[in-house]
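*Asks:* got a structure for you, letters missing:
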């Protein structure tokens, strides 16, 4: 959930920011990903709060620039982007829409998590929905993903790790 | 004093992150190449968070890059184990297991810190350490309980590394007041659990517990092995040659 202040423009800004996507997974907006945390407007200044997914995620710098560019194009000149670390980002913040988009894109979405950080549900192959899957590597094309293979359709696929 | 503490924690992360990044394109196979460099990225990310906070506490206009690129060996405070050259894959993974087990204990304590920023960084780091540890334990079991060659090489790696663990649990005198203030972690208290966890994985991997009659310490006092200088020469080359250069 993105926290909006009561200013009438905040909701409009949220709508504008739905154009900003994760540079690594361009089907997900920052809201889908749960990276966008809060929007506030005070006088002419827009305050945006975002949280990094992974400590070393290089996408965060691109996200900042994309937010600034999008808002500048809509006439918002004064934009302050603040990076919040606490509470730490979790895949539980990913929206339901985001999970559906991921699956359609061919990436297995993260299941909900137990309190000790383990997935509650089995991982499903995004191609054939089979649950007989095998871990190939703890890391896929980016730190946030792991590489699996479906034992049924034999297709390898990326799985968005739950953290 | 929190400043020095943050810098030391950043140094641990940056130096090991750099070592792991040296595996880029040298990994034993593609997936493992990606894994090693992804873990490297997590460590460098941690370093950024610690250095950024250090720069903020200091308030003298330095930034994270200045702290990483413009200090010499003697100003670095990382544990020596993190700066040792990578060796073979067995050596890299043996070190990784020792560090990951330590990190799990350390960061779970640091989440309780009275310093809200340190506690936030720890909460973020521990999520990553969880899967780092899963992978390093898995590799040590596979290598130890694998072929004669993989078993011997990983055993030799632990034998060479074991004495470097001592300084992870040795508290420097500057740290004591921070521990009393509830800011820093009492690392000495982490040793029992670390040993228990290490011994259990080594046993599962059919490896012997190495000889613990020798120790090497000094990293937290800025006394390093000969290897750190070479590492920094590469890490800092660009900023030293073209001061202030930016992407």
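*Replies:* Now that the structure is in, tell me what you want to look at. The structure displayed is predicted, hence computed values, not measured ones. Residues are numbered from 1 along each chain as shown, chains lettered A, B, ... in the order given.

*Asks:* Around chain A, pick out the residues from chain B.
*Replies:* B:17, B:31-32, B:34-35, B:38-39, B:41-46, B:48-49, B:116-117, B:119-121, B:123-125, B:127-128, B:130-131, B:134-135 (Cβ under 8 Å from any Cβ of the partner chain). For every residue, glycine as well, the C-beta is placed using N, CA and C.

*Asks:* One more pass at 7 Å, please.
*Replies:* B:31, B:34-35, B:38, B:41-42, B:44-46, B:49, B:116, B:120-121, B:123-125, B:127-128, B:130-131, B:134-135 (Cβ under 7 Å from any Cβ of the partner chain).

*Asks:* OK, now which residue of chain A is nearest to chain B?
*Replies:* In chain A, the residue that lies nearest chain B is residue A:56 (2.5 Å; Cβ to the nearest Cβ).

*Asks:* Can you tell me the element the residue of chain B found nearest chain A falls in?
*Replies:* Evaluated by Cβ to the nearest Cβ, chain B has residue B:45 as its residue closest to chain A, separated by 2.5 Å. According to DSSP states H and E, residue B:45 maps onto helix B:30-58.

*Asks:* Give the next helix or strand downstream of that helix.
*Replies:* helix B:64-69.

*Asks:* Could you check how far that next one is from the centre of its chain?
*Replies:* Computed by Cα atoms, centre = their mean, to the nearest Å, the separation of helix B:64-69 from the middle of its chain amounts to 18 Å.

*Asks:* And for the residue nearest in space to the middle of chain A, nearest residue in space, chain neighbours not counted?
*Replies:* Centroid-nearest residue in chain A: residue A:33, 1.8 Å away (criterion: Cα atoms, centre = their mean). Nearest in space to residue A:33, with sequence neighbours left out and distances taken as Cβ to Cβ, 6 or more residues apart in numbering or on different chains, is residue A:22 at 5.6 Å.

*Asks:* Who are the contact partners of that neighbour?
*Replies:* Residues near residue A:22 by Cβ atoms under 7 Å, 6 or more residues apart in numbering or on different chains: A:28, A:30, A:33, A:59.

*Asks:* Let me know the pLDDT of the residue nearest to the centre of chain A.
*Replies:* Listed pLDDT for residue A:33 reads 93.

*Asks:* do the same with residue A:55
*Replies:* Confidence score, pLDDT, at residue A:55: 83.

*Asks:* so it, which of the three states?
*Replies:* Secondary structure for residue A:55, judged by DSSP: H, G, I helix; E, B strand; the rest coil, is coil.

*Asks:* what do you get for residue A:38?
*Replies:* Applying three-state DSSP: residue A:38 is strand.
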